[in-house]
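A.B. asks: structure for the following, please:
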Amino acid sequence: MSGLIITTSIQQSANSSQQKTQVPNSLLLSDSEILNKTYLTHVKDDQECDIKTLYDLVSNVLSVSTLGTALVNITTITSFKPEFSELKLISSQMITTRGTAQCAHQTTLWILERLRCFSWDAKALITLAAFSLEYGEFLNLLKLPTSDMLGNSLKQLNQIQTRKNVPSDIIELLTFLVQQVLPIIRKWALWYGNDYDTEKVYSLLLATQEIPLLVYWTIAATVACTGKFVGNTLEYKLSEFQLKLSNFVGKLKSHLESCGNQIGKMEDYEKRIKDYERVKDVVGFLKLLIHGNGSQTPLIYEGSTLVQTGVEVFKQKHVLLFISNLESVRDEIILLNSIYKRLQENPKVVKGFNKEDFNILWVPVVDDWNDNIKNKFKELRKEIKWYVLEYFTELPGIGIIQEKLKYDNEKKDPIISLINPQGDIINENAKPIIFQWGIEAFPFRKEDAEDLIKNWLWLWKLIQKVDPNINTEDLTTRDHYFFIYGGNDIKWIQNFSTAMENIKKHEYINDFDLTIHHHQLGKDNPDKVSYFWIGIDGKKPKKKCQGNLDCEIQKALESLQCLKKDALGWVLLSKGYNIKLLGHGEPMLQTVVDFNKWKENVVEKESFDAAFIEYYDGVVKAISARCDNYTSDVLATIACPNPTCERVMELSSVNYSCCHRDNPNSCSITLI
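C.D. replies: Okay, here's the model as predicted:
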């Protein structure tokens, strides 16, 4: 019989040893291995649990015993979920767990499986509640006086006399669980239960990824605590579990701190959206964008001068709101400098709008205002005479800017939005029409661009009908310049084409990030060129135009018919759809050939076309000096020697004078 007992004991010992080697030591497992095992036990969160009740009860038991804090007054509860039997079962399982890391791991997974339908915070809380059953009873029995016969009997049954003192490492670990772990899990659970949009509160998703690991180590630490509490010999230290917990608590705190900021921003954004619907004027609109809830006051500068009234300076004004980061904005700044100057020029009133009522405000959008970025901002501000916002933190109204003004914070493409004095968004992004039409687009509404396109749409349709090879898709692209040209002088055509190629390849053009296109009308099919001029003649200029659009078209027709007579050739210069100049052959060729003489003016004039036209006008003026009076004894028909004119000169006795001098506007070519 004794041999059988010895044999059985040896077999049990062997089985136990084999089992010990098969079960992993959780303290040596990687986070991903723990996560995979933990997550497999989780099914859903639909099992009922009285979280608030359990939290208060557990806090009362563990906090008083470890920290000596005051008890929470809890109303008498007859029942709650999970029931006593479930808590007692988990408690018993933890008490009977042997003191190895492998066994603690096994029991932890068993508890997780048992609680598979509870939420993550409930799993941790229920386990601590099960521990509190035994721990609380022990503490309560320990305090009973020796005169209490029933108490003494219970003390002996629970072997209280052999466990009079709670080891300090248990107190330390329980304190950490109560003070650090439970509150942070509970905080996560409250936010997680609110179903926040994780695209807006993305740190909540990161926090949720840490929760299964934190819950695993909370349960594992509770199992380890129980083993030490009931007097098992442990092969591990409780501090090892506390170290694991500390790691995940630190990560979770960081994520939840970010969550708090993101939730605050989201709630602030929702409030601003509601306030946006009630905006009464442009000042109110701007305050939504740049006024935060903190103590920092946004500063408004006009050039280098601080505006004392802040955003109130825009009261009753139309505001061109330039929104951008600090990268690659020089083109926009140059353009807006030009617009700023043009707003000061006559005529003051256009289309019923006063130019002086239009202001420009730069609102920089920067993710990180470090010292380098601040210095760069200050350097850029030196180039600006209009209004600039200085606010060295994230814009409070960035959500409004993204949603209502359609600013893409990922692509970071600058926009120029138009806001009227009533705070209405008139044009989400007027930048394309301002780049293409400049001050002609005033007052920068979408319909203003549509009207401007109509001025020339008929001509572009005619050009494309005659020559389909001309790509008009680029007409809507900023900084795309087109030279369409033609004529009867083959040498002039060749010289102009060569000169244009030289400009296209010039390094100065590449530095300015603009594109030059040039195309000889009807080059591949010369027979169709005549249809172009037939189309022009077919418009039939009227004695009296009807409406602004018709007057603009009539003016262009007169200029085109004048070009048709040029013996050398003609050139159409456009910026996108916007035809800037209808030029004669000789001065156009000279202007292109002389590019090196006027290229520096591109910066000064803030655009290629403005610099081109200024030089062209100078060439025309020089050529016009040839329009001298002629004296002759013979009456004859003499044409003006000016190649930009070539009209028949008027007869006055025997003196011939050029009609170009008498009526210089009768053949107006420049269109801006």
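
A.B. asks: which phi and psi does the residue nearest the centre of the chain have?
C.D. replies: The centroid of the chain falls nearest to residue 409 when counting by C-alpha atoms, centre = their mean (1.4 Å). Residue 409 has phi and psi values of phi -70, psi -10 when expressed as degrees, to the nearest 10.

A.B. asks: renumber starting at 429 from here on
C.D. replies: Yes, from this point I'll number from 429; that puts the last item at residue 837.

A.B. asks: surely it meets residue 822?
C.D. replies: No - contact criterion C-beta atoms under 8 Å: residue 837 and residue 822 do not qualify, at 10.6 Å. To be clear about C-beta, it is placed using only N, CA and C from the backbone, and glycine gets the same treatment.

A.B. asks: the stretch 729-878 of the chain: strands as residue ranges?
C.D. replies: Along the stretch 729-878 of the chain, the segments classed as strands by DSSP state E, counting those that start in this stretch run 733-734, 746-752, 777-778, 781-782, 786-792, 815-818, 843-847, 853-855.

A.B. asks: and the residue nearest to the centre of the chain, what pLDDT?
C.D. replies: Residue 837 is assigned 84 on the pLDDT scale.

A.B. asks: now do residue 742
C.D. replies: For residue 742, the model assigns a pLDDT of 97.

A.B. asks: excluding covalently adjacent residues, which one is nearest to residue 617?
C.D. replies: residue 549 (3.9 Å; C-beta to C-beta, 6 or more residues apart in numbering).

A.B. asks: so that neighbour is in which element?
C.D. replies: Using DSSP states H and E, residue 549 maps to helix 548-571.

A.B. asks: ditto for residue 677
C.D. replies: Using DSSP H and E, residue 677 sits within helix 666-705.

A.B. asks: report the mean confidence score over the helix or strand following that helix.
C.D. replies: Next along the chain after helix 666-705, taking DSSP H and E as the criterion, comes helix 710-718. In this model, helix 710-718 has a mean pLDDT of 95.

A.B. asks: tell me what helix 710-718 is packed against?
C.D. replies: Judged by 3 or more C-beta pairs under 8 Å, 6 or more residues apart in numbering; DSSP states H and E, the packing partners of helix 710-718 are helix 666-705, strand 746-752, strand 786-792, helix 826-831, strand 843-847.

A.B. asks: tell me how far the first one is from the chain's mean position?
C.D. replies: Its chain's C-alpha centre and that of helix 666-705 lie 21 Å apart, by C-alpha atoms, centre = their mean, to the nearest Å.

A.B. asks: cool, and stretch 587-597?
C.D. replies: How far stretch 587-597 lies from its chain's middle: 60 Å, per C-alpha atoms, centre = their mean.

A.B. asks: and if you look at stretch 770-781?
C.D. replies: Centroid displacement of stretch 770-781 relative to its chain, using C-alpha atoms, centre = their mean, is 35 Å.

A.B. asks: in a helix, that's where residue 617 is, yeah?
C.D. replies: Yes - counting by DSSP: H, G, I helix; E, B strand; the rest coil, residue 617 is found in a helix.

A.B. asks: what's around it, how many residues?
C.D. replies: Neighbourhood size, residue 617 [other C-beta atoms under 10 Å]: 18.

A.B. asks: repeat that for residue 777.
C.D. replies: Residue crowding around residue 777 was assessed by other C-beta under 10 Å; the count is 11.

A.B. asks: before we move on, what about the one 4 residues further on?
C.D. replies: Here the neighbour count serves as a burial measure; for residue 781 (other C-beta under 10 Å) it reads 17.

A.B. asks: want to throw the helices and strands packed on helix 710-718 into TSV with mean pLDDT, mean neighbour count and distance to residue 655?
C.D. replies: Formatted as TSV, those follow (pLDDT from 0 to 100; neighbours: other C-beta atoms under 10 Å; distance: least, C-beta to C-beta, whole Å):
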stretch	mean pLDDT	mean neighbour count	distance to residue 655
helix 666-705	93	16	9
strand 746-752	97	24	62
strand 786-792	97	22	60
helix 826-831	92	18	52
strand 843-847	97	23	64
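
A.B. asks: looking at these, which is nearest to residue 775?
C.D. replies: Judged by C-beta to C-beta, the one of the helices and strands packed on helix 710-718 that comes nearest to residue 775 is strand 786-792, at 13.7 Å.

A.B. asks: rounded mean pLDDT for the helix or strand containing residue 1015, please.
C.D. replies: Using DSSP H and E, residue 1015 falls within helix 1013-1021. What helix 1013-1021 shows for mean pLDDT is 94.

A.B. asks: quick one: buried residues of it?
C.D. replies: Neighbour-count burial for helix 1013-1021, counted by 16 or more other C-beta atoms under 10 Å, picks out 1013-1021.

A.B. asks: so which of these is the closest to residue 670?
C.D. replies: Closest to residue 670, out of all of the buried residues of helix 1013-1021 and judged by C-beta to C-beta, is residue 1020, at 80.0 Å.
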